[in-house]
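Enquirer: fold the following, please.
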Amino acid sequence: YELNSQAFDPKTSTAVFVGTFRGTHTVNLEGLPAPTQKSMETHYVYSIHMNSEGKVDRITKVWHSAWAAAQAGWTLPPSVPKVPCAEHLFHACESGKGWEACQHFCTQNAVFDAQAEPLQDIKTVRDYTEWMKSIAVVAMPGCSYELDSESFDPKTSTAVFV
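Expert: Residues are numbered from 1 along each chain as shown. As a prediction, the model looks like this:
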């Protein structure tokens, strides 16, 4: 693996690590398909919370396992869902369409949270989508974005876009 970046937020006692995993599937292992001899290169993020004693009490991994499986030549399970609502919201927000276009995919009081200084006072998805509109349409007209991967966790009903 390659550690791309790391940070620690003392206010929340949370460390964040961004890495890239590289490997080739060459060995039989129970629970995996037969070796494909194909390689994968996949990014991931760990959010690691430390308790008051300085020990880890929670780890969250954000990783697009379907992307990695496809690179390795593994057959994707049929349970990998499509997430049209979250995906439509993501694209409408990132392209600066504002709340008018995004409201159809959210509850009226959808909460927004970010650990980024310019956004620390924004508390609703409505306000965030309007902020993104001001960035994409006014401050940086013609800007663009690139979606590298997306995934969905059905247990938590959470979509992840990287």
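Enquirer: give me the contact list for the longest helix seen in the chain.
Expert: Criterion DSSP state H: the longest helix present in the chain is helix 84-94. The contact list for helix 84-94 (CB atoms under 8 Å, 6 or more residues apart in numbering) reads 101-102, 104-106, 128-129, 132, 136, 145, 147, 150, 152, 159, 161. In this view, the C-beta of every residue, glycine as well, is placed from N, C-alpha and C.
Enquirer: ok, 10 Å please
Expert: By CB atoms under 10 Å, 6 or more residues apart in numbering, the surrounding residues in contact with helix 84-94 are 83, 97-106, 110, 125, 128-133, 135-136, 143-147, 150, 152, 157-161.
Enquirer: repeat for stretch 48-67
Expert: 8-10, 12-19, 21, 40-47, 70, 74, 76-77, 80, 148-153, 158, 160-162.
Enquirer: need the pLDDT of residue 84.
Expert: Model confidence at residue 84, given as pLDDT, is 69.
Enquirer: likewise for the one 10 residues further on?
Expert: What the model reports for residue 94 is a pLDDT of 90.
Enquirer: what's the spacing between it and residue 149?
Expert: According to CB to CB, to the nearest Å, residue 94 stands 14 Å off from residue 149.
Enquirer: so residue 143 is in contact with residue 133, correct?
Expert: No: between residue 143 and residue 133 there is no contact under CB atoms under 10 Å: 11.7 Å.
Enquirer: list residues touching both of these two?
Expert: 95-96.
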